[in-house]
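Engineer: I would like to see how this sequence folds:
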Amino acid sequence: MKRLMSLYTVLLEELGSMMSTSTSRDLETISRRVETEGLSFLTITLPQFCDDFQMSLDRGFVDSEVFRAFHRPKDSWLPAFLQGFTSQVFDPATGILLDIPNPDAIRAVRQLTLVYSKINIPCSDARNGKAIRAYVECEKKVRETNVRLGDIHYRRFSRIFNLLFGDVLSRCDEAIYHLVTGGGRSYERVRPKHGPGATADRLMGNQKWHNRIWTERLEKIMPAGEMLLPNWRHFDLLEEIDFLEPGEERPVRVILVPKTLKTPRIIAIEPTAMQYSQQALASMLVEEIAISQISPMIGFDDQTPNQHLAAMGSATRGLATLDLSSASDLVSNQLVVEMLKRYPHFSEAVQASRSLRADVPGYGVMPLAKFASMGSALTFPIEAMVFLTLTIMGVCQASRIPLESVTRNDILRLNRSVRVYGDDIICPTDSVREVTNCLETYGFEVGLRKSFWTGSFRESCGKEFYDGHDVSVVKLRKLLPSSLRDVDECVSTVAFRNLLYSSGLWATARYLDDRLETIFRGNYPSVAPTSPVLGRHAYSGYDSERMHADLHSPMVKGYVVHAPLPLNPVKDESALLKYLLKRGSEPFEDKHLERSGRPDAVYIKLRWASPF
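Structural biologist: Below is the predicted model:
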């Protein structure tokens with residue numbers, strides 16, 4: 001706590017100097033409240049201050065409903081805390097947004113209130129329990145939505161969905177059909193893969209390539225002979241495979257991982273067979289969407305188009321940014337079944353690769369009405385397709401176009417004003433009411449504190465803008481290190497320092513430089529962003545302490561991250577399968593058949609390395 005307060009003091013003084021305002025009273029308030037409230041003031045209360053600030057920006061005024069956790073002077077609508085900054089944005093006497101708010105002051109308020117909002121610290125048991133209860137409550141909401149929606153809702157949804165994705169899913173359906181009927185095996189179309197993460201059956205790394213568990217549901221549409229064997233010459237391996245009936249299938253394992261001190265992130269860890277088949281379908285789906293006409297409206301691996309549209313929306317006010325609460329946990333499987341009804345082979349493959357039950361801490365094994373939680377490879381693309389469909393429905397309704405009359409050309413004309421990335425939605429401002437109503441009709445919850453359309457503030461995919469100005473901030477992700485033994489903290493703090501430097505917060509960066517110089521025992525050189533060395537970035541360039549004996553290139557001495565992969569050998573047919581399913585043109589890593597998975601531990605080693 002002492003280290004965090006020291007860093008915050010330097011940051012507060014630097015931003016106060018930049019905004020020409022005194023921060024001594026603000027520092028007194030922070031010190032007093034941290035003493036009584038602890039870390040939660042920095043990680044929970046201050047971010048709530050920012051939520052109120054951003055909501056007031058969007059509304060254009062400050063009212064009595066915001067900043068309730070902070071004292072207000074009798075003659076001011078603004079809280080005394082940070083008033084030197086907020087008074088450059090709002091009129092203290094009236095609470096109304098100034099005609100020309102200072103975007104630097106907006107960024108300063110956001111930086112001071114959000115700097116510790118994402119520290120990766122485990123939540124209390126009470127907050128973990130609350131998150132699990134919310135997960136279970138989402139199941140109830142999905143079931144209620146299923147009962148409430150009628151045939152007309154599904155018909156309208158399916159019509160717009162097919163206009164958007166009909167050509168994409170027809171190609172996917174054809175690929176699955178050929179896989180089932182044996183009309184030519186093609187790993188280019190349906191190519192499964194294993195990820196580096198955990199699985200419900202606890203197979204890690206290369207062990208997954210030796211998986212011998214399949215399900216009867218998968219066997220009907222994605223045969224084990226096509227998915228688990230390198231070729232049919234090894235058909236005898238089918239005798240080793242255990243085919244599970246639906247009632248025998250392993251449920252997803254629901255776990256909590258740190259996200260913020262306020263609430264954890266809930267992940268559902270899939271069994272190996274499910275994850276493997278999901279990756280095949282997700283990859284094919286994403287690749288087909290990428291080459292379709294509607295690709296400008298939906299993204300899966302590039303957030304910058306959403307960020308550019310958010311910047312445009314903040315400048316012109318013509319585009320709104322919407323954020324959904326618990327988005328993935330509210331996607332109904334019944335809705336997914338209805339939307340894929342025209343594509344029977346692909347639909348059956350999606351359902352076969354979907355886990356039917358979840359093992360929830362404190363609640364045991366329960367059946368799932370949702371399509372899937374975060375953890376399934378199909379969650380992100382399926383939810384994005386659902387949200388894009390509902391957004392288009394809302395925009396068409398706002399334009400007074402009957403959903404029964406919407407054409408594909410009507411939809412394609414929206415490719416510069418509608419875009420979805422996961423649950424981050426961008427749509428025309430004049431369509432917000434209809435889009436919101438449409439999302440809520442189908443069971444989703446628009447997070448009003450994270451959605452903006454009235455004023456000039458916009459937020460999407462990790463970037464924030466006001467009136468075209470980038471007001472994004474830098475956040476600390478780990479606690480500050482006390483020694484070289486705090487490896488994760490050292491790596492995180494170096495990255496945080498360099499982000500501060502590139503954001504123009506040089507005094508705060510210098511403060512961290514002094515601490516890191518001590519921890520690294522003087523081995524803390526200036527390096528380029530591409531260097532493997534943990535060092536400081538500087539506009540003046542990189543250091544050169546000696547020349548490489550053979551390459552005659554500069555070298556510096558510093559700490560380099562070393563994360564050895566665990567020993568996890570694979571051989572014979574399993575190794576061949578891994579080779580045949582390789583993606584991309586990059587070669588395998590050295591010793592990939594001996595080591596794989598996620599590192600058991602991360603080290604930093606002092607050595608000579610390139611500064612660029």
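Engineer: so how far is stretch 133-149 from its chain's centroid?
Structural biologist: With Cα atoms, centre = their mean, to the nearest Å as the basis, stretch 133-149 stands 23 Å off its chain's centre.
Engineer: Report the buried residues of it.
Structural biologist: The neighbour-count check on stretch 133-149 (16 or more other Cβ atoms under 10 Å) flags 135, 138, 139, 141, 142, 145, 149 as buried. In short, each C-beta sits where N, CA and C put it, glycine included.
Engineer: could I have stretch 45-65 exported to PDB, CA atoms only?
Structural biologist: Extracted in PDB, the C-alpha atoms of stretch 45-65 (Å, rounded to 0.1, in the frame of the first residue of the first chain):
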ATOM      1  CA  THR A  45     -14.300   3.700  -5.100                       C
ATOM      2  CA  LEU A  46     -12.100   5.800  -7.400                       C
ATOM      3  CA  PRO A  47     -13.300   3.900 -10.500                       C
ATOM      4  CA  GLN A  48     -16.900   4.500  -9.400                       C
ATOM      5  CA  PHE A  49     -16.000   8.200  -9.300                       C
ATOM      6  CA  CYS A  50     -14.900   7.900 -12.900                       C
ATOM      7  CA  ASP A  51     -18.100   6.100 -13.900                       C
ATOM      8  CA  ASP A  52     -20.100   9.000 -12.500                       C
ATOM      9  CA  PHE A  53     -17.800  11.500 -14.200                       C
ATOM     10  CA  GLN A  54     -18.200   9.800 -17.600                       C
ATOM     11  CA  MET A  55     -21.900   9.500 -17.200                       C
ATOM     12  CA  SER A  56     -22.100  13.200 -16.400                       C
ATOM     13  CA  LEU A  57     -20.000  13.900 -19.500                       C
ATOM     14  CA  ASP A  58     -22.500  12.000 -21.600                       C
ATOM     15  CA  ARG A  59     -25.500  13.800 -20.000                       C
ATOM     16  CA  GLY A  60     -23.900  17.200 -20.200                       C
ATOM     17  CA  PHE A  61     -24.400  18.000 -16.500                       C
ATOM     18  CA  VAL A  62     -23.700  16.900 -12.900                       C
ATOM     19  CA  ASP A  63     -26.700  16.100 -10.700                       C
ATOM     20  CA  SER A  64     -27.300  15.000  -7.100                       C
ATOM     21  CA  GLU A  65     -27.300  11.300  -8.100                       C
END
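Engineer: mind listing what's buried in that stretch?
Structural biologist: Across stretch 45-65, burial judged by 16+ other Cβ under 10 Å covers 45-50, 52-58, 62.
Engineer: Name the residues that touch that stretch?
Structural biologist: With contacts defined as Cβ atoms under 8 Å, 6 or more residues apart in numbering, stretch 45-65 is touched by 33, 37, 66-67, 69-70, 77-79, 81-82, 86, 89-90, 94-97, 101, 106, 109-110, 112-114, 116-117, 260, 262, 448-449, 452-457, 459, 466.
Engineer: Would you map the strands across the stretch 201-350 of the chain?
Structural biologist: Listed in chain order, the strands of the stretch 201-350 of the chain (DSSP state E, counting those that start in this stretch) span 213-215, 242-244, 252-257, 265-269, 298-299, 319-325.
Engineer: Sheet partners, orientation included, of the shortest one?
Structural biologist: The one in question is strand 298-299. Strand 298-299 sits in its sheet next to strand 419-421 (parallel), going by DSSP bridges.
Engineer: Any chance you could list what contacts the partner strand?
Structural biologist: Strand 419-421 is contacted by residues 296-300, 303, 305-306, 309, 384, 387-388, 391, 425-426, 460-461 when judged by Cβ under 8 Å, 6+ apart.
Engineer: Nearest residue to residue 415 in space, please, no chain neighbours.
Structural biologist: Using Cβ to Cβ, 6 or more residues apart in numbering and skipping the chain neighbours, the partner closest in space to residue 415 is residue 296 (4.3 Å).
Engineer: What is the neighbour count of the one you found?
Structural biologist: When neighbours are counted by other Cβ atoms under 10 Å, residue 296 registers 14.
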